[in-house]
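Student: Sequence first, then the predicted structure:
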Amino acid sequence: MTRKELTFVALFAAIMGALGMIPPIVLTFTPVPITLQTVGVLLAGGILGARLGALSQIVFLLLVAAGMPLLSGGRGGLSVFVGPSVGYLIGYPLAAFVVGYLFSRIQNLKLYKVLLVNLTAGIFVVYLIGMPMQAFMMDIPVLTAVKLGLVYLPGDALKAIIASILVYKLRKHPFFVRALSKKSVKKMMTESI
């Protein structure tokens, strides 16, 4: 892994931490809060790609596990990994990987394609892992957890739209085109040898 790749991984882990400083919206009927950190997951996968996006989320979760209060509401430490939101947290690196992988398969990047990937794959993967784990941790049926999770759909759709616009614009920006192109990574690798 090059220094540039390490820098991007650390940057997106820091972005996740910064998004965690925004207070959550706590709902009375579910212990899983509404946060903006889903935007960071979609950005990481969409801009960094599958491998680096997932790695940035793993670094973020390791920092949280080490006790840094980077989750929304100032939560951190190992205790968050035994709570109802653990499945959503585990879904972060997987969602970033899936989003990044699907973007690598898109030949012609269009905004509607980015939005489609973020809504279907990105949000779906987080839900696919988060809802059953929430049901397990709360000792409720999975169907009840799915019903509780429906309240998140409008907000997650809005977050996916915001992330899609940002990914679409940033992936077309010359800095990211240059920085994340395979040629520049290969060039840096040959220069560092």
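Tutor: Everything's here; your move.
Student: Tell me where this structure has helices.
Tutor: Using DSSP state H, the helices of the chain run over residues 3-20, 37-43, 50-65, 86-105, 111-117, 123-138, 142-149, 153-172, 174-179, 182-192.
Student: Any idea which of these gets closest to residue 74?
Tutor: Of all the helices of the chain, it is helix 3-20 that lies closest to residue 74, at 8.0 Å by Cβ to Cβ. The way it works is simple: take the backbone N, C-alpha and C, and place the C-beta from them, glycine included.
Student: doesn't residue 13 make contact with residue 43?
Tutor: No. Using Cβ atoms under 8 Å, residue 43 makes no contact with residue 13, being 11.7 Å away.
Student: ranking the helices of the chain by burial, who's on top?
Tutor: Most buried of the helices of the chain, by mean neighbour count (mean count of other Cβ atoms under 10 Å): helix 37-43, with a mean of 27.
Student: Contacts for it, please.
Tutor: Applying Cβ atoms under 8 Å, 6 or more residues apart in numbering, the contact partners of helix 37-43 are 12, 15-16, 19-20, 57, 71-72, 92, 95-96, 99, 118, 122-123, 126, 156, 159-160, 162-164, 166-167.
Student: got the helices of the chain as CSV, with distance to residue 80 and mean pLDDT columns?
Tutor: As requested, the helices of the chain are exported to CSV (distance: least, Cβ to Cβ, whole Å; pLDDT from 0 to 100):
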stretch, distance to residue 80, mean pLDDT
helix 3-20, 11, 94
helix 37-43, 12, 95
helix 50-65, 6, 97
helix 86-105, 7, 95
helix 111-117, 28, 94
helix 123-138, 11, 94
helix 142-149, 18, 91
helix 153-172, 20, 93
helix 174-179, 31, 78
helix 182-192, 34, 47
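Student: And those helices: which comes nearest residue 28?
Tutor: Closest to residue 28 of those, according to Cβ to Cβ: helix 142-149, at 11.5 Å.
Student: what about residue 27, how many residues close to it?
Tutor: Residue 27 sits with 13 neighbouring residues when counted by other Cβ atoms under 10 Å.
Student: For residue 78, see how far away residue 150 is.
Tutor: Residue 150 sits 30 Å away from residue 78, going by Cβ to Cβ, to the nearest Å.
Student: rewinding a little: pipe the helices of the chain into a markdown table and attach distance to residue 26 per row.
Tutor: Output for these, formatted as a markdown table (distance: least, Cβ to Cβ, whole Å):
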| stretch | distance to residue 26 |
| --- | --- |
| helix 3-20 | 14 |
| helix 37-43 | 15 |
| helix 50-65 | 18 |
| helix 86-105 | 15 |
| helix 111-117 | 28 |
| helix 123-138 | 15 |
| helix 142-149 | 14 |
| helix 153-172 | 13 |
| helix 174-179 | 35 |
| helix 182-192 | 42 |
